[in-house]
Every structure is written in structure tokens, then in C-alpha cells.
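Student: below are the sequence and a predicted model; questions follow.
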Amino acid sequence: MDIIRIDVGAAGGPKVSTEGLGDYAGLGGRALTSAIINKEVPADCHALGPENKLVIAPGLLSGTTAAMSGRLSVGCKSPLTGGIKEANSGGQASQVLAKLGIAAIVLEGEAQGDDLYKVLVGKDGVKVETDNSLKGLTNYQLMDKFLPEYETKGSMISIGTAGEMRMANSTVCVTDIEGRPTRHAGRGGVGAVMGSKGVKVILVDGADTKARQPANPDAFKAAAKEFVEGLRKHPVTGQGLPAYGTNVLTNVINEAGAYPTNNFSTGQFDGASAISGETQAETENSRGGEGSATHGCHRGCIIQCSGTYYDKDGNFLTKQPEYETVWAHGGNCGIDDLDAIAMLDRLDDDYGLDTIEMGATIGVAMEAGVIEFGDAQGAINLVHEVGKGTPMGRILGAGTEATAKAFGIERAPVVKGQAMPAYDPRGVKGVGVTYATSTMGADHTAGYAVATNILKVGGDVDPLTAAGQVDLSRNLQIATAAVDATGMCLFIAFAVLDQPETFQALIDLLNAFHDWNLTADDVVEYGKGILKNERDFNERAGFTSKDDRLPRYFKREALAPHNVTFDVPDEELDQLYNF
């Protein structure tokens with residue numbers, strides 16, 4: 001496996017070089033992106049300056065026949081948080097890059113002039129071409145232009161207009177199985193960093209590639225079989241997610257009183273049932289169409305938690321809006337119209353915007369009186385403003401915290417500049433700890449305590465009490481970092497947490513493929529090493545314990561219906577990284 005470096009500021013135009021993993025041997029996915037960023041990027045640099053780098057890395061098991069192994073990590077210094085960032089995406093790119101023998105693509109240097117670049121990646125190497133016809137194109141317009149070049153066995157990695165305009169809320173887009181731009185490394189403004197390097201699109205050609213071969217084929221095959229059996233027999237990964245997608249959580253979290261509504265003002269939304277996973281699946285199935293309510297985001301996915309959303313006339317609109325998106329543009333904004341939410345999802349994907357950050361930003365704008373809560377058309381209009389880069393759009397595209405400052409609003413649900421996802425930290429205190437302490441800013445995926453607090457997976461910790469939440473979040477953050485290095489979908493964690501044999505099967509996959517001898521303790525140490533890299537970067541960037549806090553209003557304002565505040569002591573938060 002090689003690292004491909006593209007120096008966009010080289011004399012005479014972008015220069016491509018290839019090198020082995022060297023000091024980065026044994027690393028993949030998030031482990032590799034965070035190691036490169038920590039070692040090679042000055043922590044105090046400007047995120048859009050020449051010293052920052054964008055690292056695109058498949059996981060340790062990507063490109064193999066292992067199920068669920070096609071997640072892609074994108075890392076950089078974040079324009080949104082000012083700290084280290086790893087944003088994770090499904091889609092086809094991770095598998096194809098790994099099959100091509102690419103451990104990472106590193107974009108570095110300073111783009112010269114206003115040219116935009118197209119990067120071509122295939123079995124014959126990497127080539128960079130100037131292509132200014134791409135200026136101002138959205139992700140779906142890029143699809144229309146390039147689909148014949150990557151549709152069959154490749155993938156497109158791109159930025160929309162938001163990334164091109166270097167907005168702090170901008171994504172790196174990855175195409176799905178059908179070649180549509182529906183999968184995004186969404187969080188932290190990674191698209192702006194790609195835009196700052198002048199790279200608009202990376203076309204990955206997987207023609208004539210084959211699956212990566214394990215060091216120990218028989219052991220790998222046995223472990224793969226055990227792993228799949230574990231996923232299929234778990235009620236979450238084998239039943240709930242395939243039937244209703246991630247949006248199965250809407251009714252669950254709303255019933256638990258932890259569903260942030262109208263910019264985190266209350267914990268239950270009266271319109272939840274109208275936008276629930278059950279209603280969404282019924283709508284998708286009744287409208288029909290290929291891959292309607294059950295679909296995978298990349299080849300090799302057996303959970304199939306995604307779907308395809310068609311409009312009332314049977315035309316493709318977007319992929320099945322995920323739980324976070326339905327919440328962000330739905331309950332958080334007082335909107336209970338699935339078709340409007342699906343349109344907002346389509347626009348976010350097209351312009352290249354993180355749905356969580358965008359929905360939270362609109363919620364703040366609604367509180368400021370820009371539009372009213374529940375105004376679906378108004379929300380759609382605001383996303384268009386962002387995509388077009390109008391003055392209002394530039395404010396909103398800078399993210400939730402910047403929008404709150406612009407409109408004089410205290411109640412900005414952010415940590416380290418990044419918006420909170422779809423769980424109120426007062427109603428799910430374990431995830432509140434994760435929001436506060438994660439190296440990434442507010443991020444549920446960094447340590448998904450909802451699993452244990454609400455779903456009772458991997459144990460049972462009362463979501464409404466402070467006791468045990470720091471230990472829970474710590475263990476989950478360590479485990480998650482390790483999973484993010486493998487290229488595995490995070491949803492495997494449900495089965496891994498509940499079924500020791502499934503966890504062992506994952507370890508056996510790694511050992512059989514790489515000829516390693518990892519134990520469970522080694523996996524824990526691997527995860528700790530990733531977090532230590534990320535903490536080291538953030539500390540050198542100026543972060544202190546004061547940044548590992550929720551906004552004060554979460555301690556001051558009680559959340560209905562349970563009338564609870566976030567009361568995990570600061571002293572306990574400061575002990576999370578005591579390993």
C-alpha cells in the first residue's frame with residue numbers, strides 16, 4: 001500500500017509523488033489520517049492555508065471481501081473547529097482506492113491562481129489536469145458530467161459549491177453504488193480544505209482491480225463468516241436498521257424525551273410520528289422504486305440501513321434521509337414534512353453541506369426570527385442562499401456558531417465550534433460527555449453512548465443521571481477510534497458490544513488479513529493511540545480543558561419533559577483522557 005501525495009503548489013503545476021507507508025505502517029482510516037495530520041501539519045496553522053493537508057484514506061480492511069469494510073476517512077485541520085478532524089463516509093471510493101493499493105491520498109501545498117483541478121486515479125497511476133469548466137458546478141452536475149467515467153467500477157470524490165467557496169460547513173462527497181453523490185464526509189468543513197487546494201473532483205477508476213488478498217485465506221474466510229453471522233443475528237443490525245433505517249430512532253428518542261426540538265428548547269416533538277422511520281419506510285415502500293426502503297451505501301454492506309427516496313411522482317429525489325438529517329431539518333426546525341426534509345437533504349448533498357450543521361444553523365436562524373419554526377419552504381430557500389453564496393448564505397455556510405454570533409443568539413448548540421447532533425445532552429448524558437470531550441467537537445459517532453443509555457446495548461447506564469457517563473463515553477471513544485481505522489461501518493458496534501464472539505471475529509479478520517497477532521487489549525491500545533495523536537494536535541492548537549465543555553445554558557435550562565439539566569461535573573469530564 002502506498003501514499004499518493006499531490007503538491008498543488010509545486011513549480012510548474014501540481015506534482016504527484018508516491019511513497020511507501022514508512023513510519024505509518026500498520027495504520028489505516030482514521031488512524032492514518034490523524035497520524036499524518038498530527039505529524040505533518042503545524043497545529044497553529046490556518047486551516048485554509050498552505051500548511052494544512054487533506055488526507056483521504058481507506059481502512060485497514062477496505063478493498064477486501066470482508067462485509068461492511070467500505071468506509072472512508074477524510075482528515076485535516078478543521079476550518080470549523082480549529083482542531084483535528086476526521087470525517088467519515090460510505091460510498092464506493094474506499095473499496096476502490098484500497099484495491100488500487102492506495103493507503104492514502106494527501107493533498108498539500110497552496111493552489112496557484114484560480115485554476116481548478118481534476119485528479120484521475122487508476123491502475124496506471126495518478127494524473128492531475130486543469131479543468132476550469134468545473135467552476136460553480138454542484139455535485140449532481142458533476143455526476144451528470146462524469147458518470148460514464150466512474151459508474152461501472154469506480155467512484156467520484158468531489159466538492160460542491162460550498163467547498164469551492166471554502167465554507168466552514170462544507171463536505172467531501174463520495175458517490176454511492178449507483179454513482180450518485182449521496183455519501184459525504186460531512187463534518188468539520190473538510191470540503192473547504194479540498195477547495196483551498198483547488199481540487200474540485202477526484203475520479204477513481206477501479207477497472208481491472210481485484211479484492212485485496214489476506215495473508216491467511218482460510219482463517220480470513222472463517223472469520224468473515226462468523227462476523228456476518230453475528231451481524232445478522234443481532235436485533236439492531238439484523239432487523240431494525242434494515243427495516244426502518246437509521247430513522248428508526250425518531251420515535252425511540254422522542255419517547256425518551258431526548259429529541260432536540262426547536263433549537264434544543266424541548267425534548268419532544270409533536271410531529272415526530274409524521275417523520276419517523278416507520279412512516280418513512282411506509283412512504284418509500286408505497287411509492288416503490290429500486291432500493292426504496294432497504295439499500296446499502298457501498299458494496300459489501302449487509303446491514304442495508306439506507307434506502308432511496310422517490311418523490312410523489314415516482315422520480316428519484318435523494319437517498320433515504322438518515323436519522324440525523326430528518327432530525328436536523330425536521331424536529332429541530334419544527335418541520336414535520338418528509339418530502340420537504342428529503343428536498344433539504346438533496347440540496348445539502350448537491351451543494352456539499354453537512355446536514356447536521358445546516359439543520360442546526362437553520363434552527364438558530366429560526367430562533368433569531370429570520371424565518372419561523374416550521375417554515376419548510378423558508379428553510380429550503382435558506383439552503384439555496386448558502387449554495388449560491390449570497391451574503392446571507394455566506395453567514396449560514398460558516399456554521400451554527402458563526403450564525404449565532406451574527407444574529408446575537410446565545411443558544412448555539414455547539415462544542416468546539418461544531419453543532420450537536422440529534423440527541424439532547426441533558427436527556428442522554430453519556431452522549432453529552434462525548435459532545436463535550438471528543439477531539440472532533442460535538443459528534444455522536446465519536447462515542448455513541450446512546451447505544452447503552454437508550455438502546456441498552458453493551459450494558460445499561462441511566463441516561464438521566466451523571467453517574468457512570470464519563471467511563472461509558474471514554475470506553476466508547478477508544479473503541480470507536482479503533483473501528484474507524486478498520487474501514488468498518490460504525491454500526492457493527494451494536495453486535496460487537498453485545499456479542500463477544502463477533503468482536504473476536506473482527507479481531508480475527510484483522511489478524512488473518514495482515515498476519516498480525518492482535519488481542520482485545522491490543523485493539524484498545526490501538527484506539528488509545530489514535531486519541532492521543534488527536535489530543536496532542538488539539539493541545540498544540542491551543543485547546544484546553546475549558547474547551548471540553550457544553551455551552552452553559554445546558555447546565556442552566558431544564559429540558560422538558562424530564563426537567564433535567566446537564567450535571568456531569570467538570571472535574572469528571574477532565575478525567576476522561578486519564579488513560
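Tutor: Arrived safely, thanks for sending. This is a predicted model, so every value here is computed, not measured. Residues are numbered from 1 along each chain as shown.
Student: domains for this structure, by residue range?
Tutor: When the chain is parsed with automatic domain parsing, its domains come out as 2-204, 214-244+425-579, 245-421.
Student: next, format those as a markdown table and append mean neighbour count.
Tutor: Where you see a C-beta, it was placed from the backbone N, CA and C, and this is true even at glycine. Listed next are these as a markdown table, based on neighbours: other C-beta atoms under 10 Å:
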| stretch | mean neighbour count |
| --- | --- |
| domain 2-204 | 23 |
| domain 214-244+425-579 | 20 |
| domain 245-421 | 22 |
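Student: could you dump those domains into a markdown table with mean pLDDT added?
Tutor: Shown next, in a markdown table, are the domains of the chain (pLDDT from 0 to 100):
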| stretch | mean pLDDT |
| --- | --- |
| domain 2-204 | 97 |
| domain 214-244+425-579 | 96 |
| domain 245-421 | 94 |
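Student: need the contact list for the residue sitting nearest the centre point of the chain.
Tutor: When the chain is reduced to its mean C-alpha position, the nearest residue by C-alpha atoms, centre = their mean turns out to be residue 88, at 4.0 Å. Residue 88 sits next to 30, 71-74, 185, 445, 484, 490 when contact means C-beta atoms under 8 Å, 6 or more residues apart in numbering.
Student: in those, find the pair that's most separated.
Tutor: Farthest pair in the contacts of residue 88 (C-beta to C-beta) is 74 and 490. Separation: 15.1 Å.
Student: which helix or strand contains residue 85?
Tutor: For residue 85, the element it lies in under DSSP states H and E is strand 84-89.
Student: now do the contacts for residue 112.
Tutor: For residue 112, the contacting residues are 8-9, 13, 198, by C-beta under 8 Å, 6+ apart.
Student: out of those, which comes closest to residue 337?
Tutor: Distances from residue 337 to the contacts of residue 112, taken by C-beta to C-beta, are shortest for residue 198, at 38.8 Å.
Student: verify the stated contact: the closest one with residue 111.
Tutor: Yes. Residue 198 lies in contact with residue 111 (C-beta atoms under 8 Å); the separation is 3.2 Å.
Student: going along the chain, name the strands of the stretch 201-350 of the chain.
Tutor: 308-310, 316-319 (DSSP state E, counting those that start in this stretch).
Student: which residues sit against the shortest one?
Tutor: So that's strand 308-310. Under the contact criterion C-beta under 8 Å, 6+ apart, strand 308-310 has outside partners 284, 287-292, 295, 316-321, 342, 345.
Student: show me where the stretch 51-200 of the chain has helices.
Tutor: Counting by DSSP state H, counting those that start in this stretch, the stretch 51-200 of the chain has these helices, from start to end: 93-99, 139-150, 161-164, 190-196.
Student: distance to residue 260 added to those, as JSON lines?
Tutor: Output for those, formatted as JSON lines (distance: least, C-beta to C-beta, whole Å):
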{"stretch": "helix 93-99", "distance to residue 260": "31"}
{"stretch": "helix 139-150", "distance to residue 260": "28"}
{"stretch": "helix 161-164", "distance to residue 260": "24"}
{"stretch": "helix 190-196", "distance to residue 260": "24"}
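Student: max-length helix in the protein?
Tutor: Secondary structure of the chain per DSSP state H: the longest helix is helix 520-540.
Student: what's the next secondary structure element after it?
Tutor: Per DSSP H and E, helix 520-540 leads on to helix 553-556 as the next helix or strand towards the C-terminus.
Student: residue 194 and residue 117: what is the separation?
Tutor: Relative to residue 117, residue 194 is positioned 10 Å away (C-beta to C-beta, to the nearest Å).
Student: what of residue 562?
Tutor: Note on residue 562: its distance to residue 117, by C-beta to C-beta, is 52 Å.
Student: so how far is stretch 128-137 off the chain centroid?
Tutor: Taking the mean C-alpha point of stretch 128-137 and that of its whole chain, the gap between them comes to 26 Å (C-alpha atoms, centre = their mean, to the nearest Å).
Student: list of residues touching it?
Tutor: Contacting residues not belonging to stretch 128-137 are listed as 6, 8, 13-14, 16, 114-120, 142, 145, 160-161, 164, 200-201 [C-beta under 8 Å, 6+ apart].
Student: ends of that stretch, what's the gap?
Tutor: Looking at stretch 128-137, the gap from its leading to its trailing residue is 19 Å under the measure C-alpha to C-alpha, to the nearest Å.
Student: and for stretch 283-296?
Tutor: Criterion C-alpha to C-alpha; first-to-last residue distance in stretch 283-296 is 18 Å.
Student: what about residue 6, is that helix, strand or coil?
Tutor: For residue 6, the assignment made with DSSP: H, G, I helix; E, B strand; the rest coil gives strand.
Student: picking up where we left off before, with respect to residue 54, which of the contacts of residue 88 is nearest?
Tutor: The nearest one, if we look at these relative to residue 54 and count by C-beta to C-beta, is residue 74, at 6.9 Å.
Student: give the contact list for the nearest residue to that closest one once chain neighbours are set aside.
Tutor: Of all residues beyond its chain neighbours, the one nearest residue 74 is residue 185 (3.9 Å), with distances taken as C-beta to C-beta, 6 or more residues apart in numbering. If a contact means C-beta under 8 Å, 6+ apart, then residue 185 has 72-74, 87-89, 171-174 as its contacts.
Student: also residue 503?
Tutor: Per C-beta under 8 Å, 6+ apart, neighbours of residue 503: 496-497, 520.
Student: check the offset of whichever helix or strand it is part of from the chain's centre.
Tutor: Residue 503 is part of helix 500-514 when elements are defined by DSSP H and E. Mean-position distance between helix 500-514 and its chain equals 24 Å (C-alpha atoms, centre = their mean).
Student: just the CA coordinates of stretch 147-162, formatted as CSV?
Tutor: What follows is stretch 147-162 as a C-alpha-only set of coordinates in CSV (Å, rounded to 0.1, in the frame of the first residue of the first chain):
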residue,chain,number,x,y,z
LEU,A,147,-20.9,9.4,-14.6
PRO,A,148,-19.8,7.4,-17.6
GLU,A,149,-16.2,7.6,-16.4
TYR,A,150,-16.7,6.1,-13.0
GLU,A,151,-20.1,4.5,-12.9
THR,A,152,-19.2,0.8,-13.6
LYS,A,153,-16.3,0.1,-11.3
GLY,A,154,-15.2,3.4,-9.9
SER,A,155,-16.1,6.3,-7.7
MET,A,156,-16.1,10.1,-7.7
ILE,A,157,-14.8,12.2,-4.8
SER,A,158,-15.9,15.8,-5.1
ILE,A,159,-16.9,19.1,-3.6
GLY,A,160,-19.9,21.2,-4.4
THR,A,161,-20.2,24.9,-4.5
ALA,A,162,-19.9,25.2,-0.7
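Student: model confidence for residue 206, exactly?
Tutor: Note on residue 206: pLDDT of 94.
Student: need the contact list for it.
Tutor: Residues in contact with residue 206 (C-beta under 8 Å, 6+ apart) are 92, 95-96, 99-100, 122, 153-155.
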